[in-house]
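Peer 1: quick one, structure for this:
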Amino acid sequence: MACDDSDSAFWQGLDWRDWSMTILKRSGILQAVGRFCLEMHQATT
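Peer 2: Numbering: from 1, shown residues only. Purely as a prediction, here's the structure:
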């Protein structure tokens, strides 16, 4: 059994979109970015 075989199986088992969105939601980065974009949009209009 090759190492890269087990590595690829491990990485394929992860759902990166769900995982990254969960991290963003918990850390508050998503809210901070949304607030920043809203302020920038209001400043330019």
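Peer 1: quick one, helices of this protein?
Peer 2: Remark: helices assigned in the chain by DSSP state H are 3-12, 16-27, 29-44.
Peer 1: can you list the low-confidence ranges for the chain?
Peer 2: Across the chain, the ranges flagged by pLDDT under 70 are 1-14.
Peer 1: what about 80?
Peer 2: 1-21, 23-25, 29-30, 45 (pLDDT under 80).
Peer 1: how near is residue 38 to residue 45?
Peer 2: Applying C-beta to C-beta, to the nearest Å, the value for residue 38 to residue 45 is 11 Å. Yep, even glycine has a C-beta here, placed from its N, CA and C like the rest.
Peer 1: between the two, which has more neighbouring residues?
Peer 2: residue 38 (10 against 5; other C-beta atoms under 10 Å).
Peer 1: for that one, give me its contacts.
Peer 2: For residue 38, the contact set (C-beta atoms under 8 Å, 6 or more residues apart in numbering) is empty.
Peer 1: state the distance from residue 25 to residue 44.
Peer 2: To residue 44, residue 25 is 27 Å away according to C-beta to C-beta.
Peer 1: repeat for residue 32
Peer 2: 19 Å.
Peer 1: comparing those two, which residue is more hemmed in?
Peer 2: residue 32 (11 against 6).
Peer 1: distance of the more buried one relative to residue 42?
Peer 2: Applying C-beta to C-beta to residue 32 and residue 42 gives a distance of 16 Å.
Peer 1: what's the answer for residue 19, then?
Peer 2: Distance from residue 19 to residue 42, by C-beta to C-beta: 32 Å.
Peer 1: next: residue 25.
Peer 2: 24 Å.
Peer 1: okay, those two: which has more neighbours?
Peer 2: Shown here are residue 25 and residue 42; by other C-beta under 10 Å, residue 25 has more neighbours (11 against 8).
Peer 1: give me every residue that touches the more buried one.
Peer 2: Counting by C-beta under 8 Å, 6+ apart, residue 25 has no contacts.
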